[in-house]
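Enquirer: Got a sequence here, can you build the structure:
(chains A and B)
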Amino acid sequence: MKSTLKAAFLVLAFTGISSWAHAQRDYQSYAQLTSRLQKLSARYSKLASLTTIGKTATGKEIWLLTLGRDNAANKPALVIAAGLEGTQLATTELALQMAEQMLQGAVLQDSVRELLQQKTFYILPNLNPDASEQYHEKLRWERLGNAQPVDDDRDGRMFEDPFEDLNKDGLITLMRVKSPSGTHKPSEEDPRVMVKADVGKGEQGEYLLLTEGIDNDKDGKWNEDPEGGVQFNRNFTFDYPYFTEGAGEHPMSERETKAFADFMFDASNVYAVFLFGPANTLSEPLRFNKDKVGTRIITGPLEKDAAVNEQVSKLYNRTTLLKNGPKVDPSPGDVLQWAYFHYGRYSFSTPGWWTPLVPVASESSDGAAPLAPSAHEDVNFLRWAEANDVVGTFVNWKAIKNPDFPGQEVEVGGLAPYVKNTPPVRMLEPIAQKHFRFFSAFAKAMPSLQIVNISAEKAPGGNTRITAEVYNQGSLPTHSELGDRSRWVQKVQVTLHTNDNQKILSGNKIQLSNAVAGGEKFQVSWLVNGKGYVTVTASSPTAGKQTKEIYLR
Amino acid sequence: MKKRLSACALLLIGWLGTGENNVQAQTPEQVFNAAGPPQNPKVPISWNRYYDYAGITEICAKLAKAYPDLVKLETIGDSYQGKRIWALTISDFNTGDPFRKPAMYLDGNVISNELQGSEFALYTAWYLVENFQDNAFIRELLQQKTFYILPTINPDARDNIMHRINSANATRAGMIPLDDDSDGLVDEDQPDDLNKDGHITFMRRKSAKGRYVVDPQNPLRLIPAKAGQSGEYELLGYEGLDADGDGRMNEDPPGYYDPSRDWAWNWQPDYIQHGALKYPFSVPENRAVKDFVLRHPNIAGAQSYHSNGGMGLESLDAVEEGNTENQGHNQVNDLLKRYAEQVIPGYTYQLVYKDLDSAFGGKLNWLHHARGIFTFSNELMSPYLQVDRQKTKDPEQEAGPVDVNYMPPFQDAYVEWVPFEHPTYGNIEIGGFKKNFPQAHPGDLLQEDAHRNMVFTLYQAYQLPQLEIREVLTRKLSNGLTEITATVANTRILPTHSGQDLKHKIERPDYISLKDSTVVAGMVLHNPDQQPGREQKLNLARLEIPNIPGLGFIKVRWVVLANKPNLVVEVDSRKGGVVRRAF
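Expert: Below is the predicted model:
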């Protein structure tokens, strides 16, 4: 309530932007999200539980909402994580709306209830709350770092070059300086958008493009050391970007990343990890590349895992019907690659929401040629915003004085912070539904171990030979091919339980198997001396468990 | 230098032979002092045996109590099983804040079964404080520098090895229970003392396929059959059973993880780097050490005492990393290693990534690459000590303990082979090395090697940066301005910033300040004749210097609006200390 009031005051303070500021701030603060999660888990207490995996530097909880709470740790699980980047508020909202839809669905529909009985969903809606909270602060700028103080430019001074709100609109945007040695020029498609001048094509830059502020430490760089922090999605062990801004002192140095990893390593039942984050490996899968797996350190998916990514990507496109997904590769130190390469699980990422292409009208009213999509993302974004009445996305360029450029023409303006990652919340509901549909379909495709064709045959010497087949009834493998190499992925295990009067003559009591593909099976056998019942158990934390008894005569 | 030291080492052995300190059969008057060791130590300690965690704790506490002006004992965190990890800060507390002096970091026993690192580290601490009074070199060293000594950073497994029935190679790991074979069970198939003799030794079986024969010089030892010679025995690993019935023997012992594959430089998971745990610093002991190192940016040099091999490993890393060093760095290392070769016989300088198995996530790599600290790993128990005391050039001779002919006195380190009926293997024999050999020094070599390694540690500590403000020259300019030129020298080998540090701006620059409020210009002179040099635009009185090179100097200049400026200059370097001088 308090923060709503605060927001309202802000709206009043910046009258020039009041109309959109209100519309934009329908994203929730940490306090609001917390109360929403608490209410949700209280309301559906039989289906969901709310716990925390750790605290941030400012004491905020990193919430974990577990759906399918009965026996959650012993069922195959999916992790759905969002808010990996402090600016992607829509991902948090998406994850939450989806959780809400699933819980409502479980009350109304048998199929959803069954889904939550068979599978566990670990939903982490916001992994970097200290960064995302900047959206609700008095000065709004796109903060990626957490609240761990870091000397970003490693010069021995902390936070010595922050942003300054030179045009006093409460937003940090860009700053352009008219200069003959400029690198940027206005786009021809939308002159508000600054684009890089292509010197190769004989284009001439007109402006230097910087972020809004002053070079406080006179090092020739603008705003390179603002407040905060380490970026969640740059602090993981795979391809860790040492000595770069936001990466931290070392991989897994942060409370948030360590808490996340510790939770994951404890959860041996996690089958796959889905990230609502910047990278997109669901619209288009990551492809197999022989050169990337032939070295000691592998940097691309193994062949079978790439095939699974393709299968899952098809499922995603078929169930969500989302089009024109942006191509965004994994990035150094991100969660996506960590979850696959170092945690050994299938790992996928989608931004969830992206700027839809403005449909090209077959014939525009004034007879002008229809517009082709621009090569510049910002231009497309502004066209979409205009077509959908999303206001307040752009701060018009306005001249200001900057002591760093005495006598020069300096203007402040550009896309308002966060706008590309915060569509009006109402637009997210259908997207959440589509993803819910995808996750339901994915859960159905997940592996399921069955013991089939179990038999006991007489063998010479009064012994019995027990044979059985262990079958994966799902259409996805029991675990990743990389999981076969990882110590953190439990293998498929078949155990023969005997009593004291029975003796296993040949065949190991415990038999382990590497990943079993969907629809595949393998055979196990034992030679046993003795009579009575024995039990065979096939199990894997990620593919379920079945036990069968057989009588030895 | 070399002669004197080896003579001193020989004398030490003699001194050791004169009896146990705690027996005190002799009064100080009865003793003719050998050169080197403390004349009359306040804390008598025998250095020919090993101490468990409680023993180490007691020695640390005694040193801190006996020398409150030289030793501070603190705990840096808890081990997995809740033992406190100790750190000794050793410096002359009466000559400045130890936190602001250039510091040398020293630890032992990162790998659990490499026990002697702890005794060596403690010996160093003991030697420093017990000699402070009588030895001018040590006194000056502790006035100028600080030592951070962590005798064991792996106390759980240390005690496990010493007090539980174990083999020599019991574990490199700590005691976190782990599922090593991915079957969901934890530590369910461990080595067992099958013949109940109190030792985990080896299983051997006579076999035509065997690749081993009995050592003609030692009937209790097996050695590999030579080419063309037929083997007599096969080795079946450590004593044990297939406890979980999965067809494999002892495949899930306590651990397994390797604490020296847990550091945050080029870390790789277990399927690439065997022994890696979950992520860098997922071993709680290492995390505590890491936090300690980050809290002490004055650490400019580091050594880590490992056992066995006798090599000072200046760490570079896995081949994938490549060599990122610059020329200056290599020169520094050359000087240090040449010295090490003089004092530690058999010491050969090797690059980890070139000469040993390339490994990921090592501690040296982290200290060196991520923190820019000049780091050596001292592999103790050099083959030199074990063979014939001649430096060998034959790489075969240095291949490792298995090929070494050193005979522990009267077979003390071996267990006789005895027959055993094994449920899986049938008729076998059990016997061989005990846990105190060959990883651990026999008692007679312990103090000698501790001393030699300490000498190298002290040498590196001596060579940490030592800053001096040499001279300040003033010159009157027009309009009431005065020009002030100061020279700051570093009189030792190590620079204030390593090449790696400079490349990645790991530590902040050094500051040279003029304590005058009228500074109007400040600059660093690249050479004395070059004017005006590199200008600084902000904080003119406090100039920022990227590095003060070893055995080199820096010249800086200010212009002040004063006729009689306040000629007080201060140098403030994280790794080079703080010096202030008035002219």
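Enquirer: what sits against residue A:281?
Expert: A:309, A:313, A:330, A:336, A:348, A:349, A:350 (CB atoms under 8 Å, 6 or more residues apart in numbering or on different chains). (Each C-beta comes from the backbone N, C-alpha and C, glycine too.)
Enquirer: mind running it again at 7 Å?
Expert: Residue A:281 makes contact with A:309, A:348, A:349, according to CB atoms under 7 Å, 6 or more residues apart in numbering or on different chains.
Enquirer: which parts of the stretch 351-500 of chain B sit against chain A?
Expert: residue B:370 (CB under 7 Å from any CB of the partner chain).
Enquirer: Output the below-cut-off pLDDT ranges for the stretch 351-500 of chain B.
Expert: B:351-358, B:378-411, B:438-439 (pLDDT under 70).
Enquirer: pretty sure residue B:520 is touching residue B:558, no?
Expert: No: with contact defined as CB atoms under 7 Å, residue B:520 does not count as touching residue B:558 (8.2 Å).
Enquirer: So those two - more neighbours on which side?
Expert: residue B:558 (27 against 12; other CB atoms under 10 Å in any protein chain shown).
Enquirer: Can you list the strands that the helix or strand that contains that one pairs with?
Expert: Using DSSP states H and E, the element containing residue B:558 is strand B:552-560. Next to strand B:552-560 in the sheet, as set by DSSP bridges, lie strand B:482-490 (antiparallel), strand B:519-525 (antiparallel).
Enquirer: which strands and helices sit next to the one helix or strand residue A:96 maps to?
Expert: Assigned by DSSP H and E, residue A:96 belongs to helix A:89-108. Counting contacts by 3 or more CB pairs under 7 Å, 6 or more residues apart in numbering or on different chains; DSSP states H and E, helix A:89-108 packs against helix A:30-43, strand A:61-67, strand A:77-82, helix A:110-118, strand A:270-276, helix A:428-445.
Enquirer: re the thing from before, the strand holding residue B:558: which residues count as buried?
Expert: B:554, B:555, B:556, B:557, B:558, B:559, B:560 (16 or more other CB atoms under 10 Å in any protein chain shown).
Enquirer: cool, stretch B:283-292 as well?
Expert: B:283, B:284, B:285, B:286, B:287, B:288, B:289, B:290, B:292.
Enquirer: gap between that stretch and the chain center?
Expert: Put simply, stretch B:283-292 sits 15 Å off its chain's centre (CA atoms, centre = their mean, to the nearest Å).
Enquirer: can you list contacts of that stretch?
Expert: Residues contacting stretch B:283-292 (CB under 7 Å, 6+ apart): B:76-77, B:79-80, B:85, B:87, B:150, B:153-154, B:174, B:257, B:259, B:262-263, B:277, B:281.
Enquirer: one more time with 6 Å
Expert: Outside stretch B:283-292, the residues that touch it by CB atoms under 6 Å, 6 or more residues apart in numbering or on different chains are B:76, B:77, B:79, B:80, B:85, B:153, B:154, B:174, B:259, B:262, B:277, B:281.
Enquirer: Most widely separated two among these?
Expert: The largest separation in the contacts of stretch B:283-292, counting by CB to CB, is between B:76 and B:277 at 19.4 Å.
Enquirer: So for these two, which residue has more residues nearby?
Expert: Remark: of residue B:76 and residue B:277, residue B:277 carries more neighbours, 27 against 20, as counted by other CB under 10 Å.
Enquirer: The more buried one contacts residue B:259, correct?
Expert: No: the pair residue B:277 / residue B:259 is not scored as a contact, 8.4 Å apart, by CB atoms under 6 Å.
Enquirer: what's the nearest residue to the closest residue to chain A within chain B if we skip its chain neighbours?
Expert: Here chain B gets closest to chain A at one residue, residue B:508, 2.7 Å apart by CB to the nearest CB. Distances taken as CB to CB, 6 or more residues apart in numbering or on different chains place residue A:156 nearest to residue B:508, at 2.7 Å, with adjacent residues excluded.
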